[in-house]
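A.B. asks: Sharing a model that was predicted from the sequence below.
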Amino acid sequence: MTQIDEMACNELVEVVTEYLEGTLGEDDRRRFEAHLEECPYCADYVEQFRETIAVTGSLTLESIAPERRAALLESFRGWRDRGE
């Protein structure tokens, strides 16, 4: 049996989108799923992420008011630079 390097919670958060989109590499996917088996907090996080996607999946660009869309996009601009 091969030893799998443990995935930390903060690493899981960084790759959750790739996991849900099916683009996470095989080794990282195994690490991700092994972490979910051991961490109820991350398992809840991923489930909440799935629910959010399901609810917002029906949104269209046209269904969002232009001022709301602009405010949302602005809130995410430069978030990495702010250290958030």
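C.D. replies: Thanks, I have the structure now.
A.B. asks: mind showing which ranges of this protein have poor pLDDT?
C.D. replies: Scanning the chain for pLDDT under 70 picks out 1-4, 79-84.
A.B. asks: quick one: the helices in it?
C.D. replies: Taking DSSP state H as the criterion, the chain carries its helices at 9-21, 26-38, 40-56, 66-76.
A.B. asks: Next, the buried residues of the second one.
C.D. replies: This points to helix 26-38. By neighbour count on 16 or more other Cβ atoms under 10 Å, the buried set for helix 26-38 is 28, 31-32, 35-36. Quick note: C-beta positions are derived from backbone N, CA and C, even for glycine.
A.B. asks: Counting by contacts, list what it packs against.
C.D. replies: Judged by 3 or more Cβ pairs under 8 Å, 6 or more residues apart in numbering; DSSP states H and E, helix 26-38 is in contact with helix 9-21, helix 40-56.
A.B. asks: and Glu67, which of these is closest to it?
C.D. replies: Glu67 sits nearest to helix 40-56 of all the helices and strands packed on helix 26-38, at 18.3 Å, using Cβ to Cβ.
A.B. asks: what's the angle from the closest one to helix 26-38?
C.D. replies: 110 degrees (axes from the mean of the first three to the mean of the last three Cα atoms, to 10 degrees).
A.B. asks: contacts for helix 40-56?
C.D. replies: Residues from elsewhere that reach helix 40-56 (Cβ atoms under 8 Å, 6 or more residues apart in numbering): 9, 12-13, 16, 19-20, 35-37.
A.B. asks: Report the distance from that helix to the chain centre.
C.D. replies: Centroid separation between helix 40-56 and its chain, computed with Cα atoms, centre = their mean, to the nearest Å, is 8 Å.
A.B. asks: Pull out the buried residues from that helix.
C.D. replies: Neighbour count says helix 40-56 has 42, 45-46 buried, by 16+ other Cβ under 10 Å.
A.B. asks: What is the nearest of these to Arg69?
C.D. replies: Once Cβ to Cβ is applied, the member of those that ends up nearest Arg69 is Tyr45, at 26.0 Å.
A.B. asks: what's the spacing between the closest one and Val13?
C.D. replies: According to Cβ to Cβ, to the nearest Å, Tyr45 and Val13 sit 7 Å apart.
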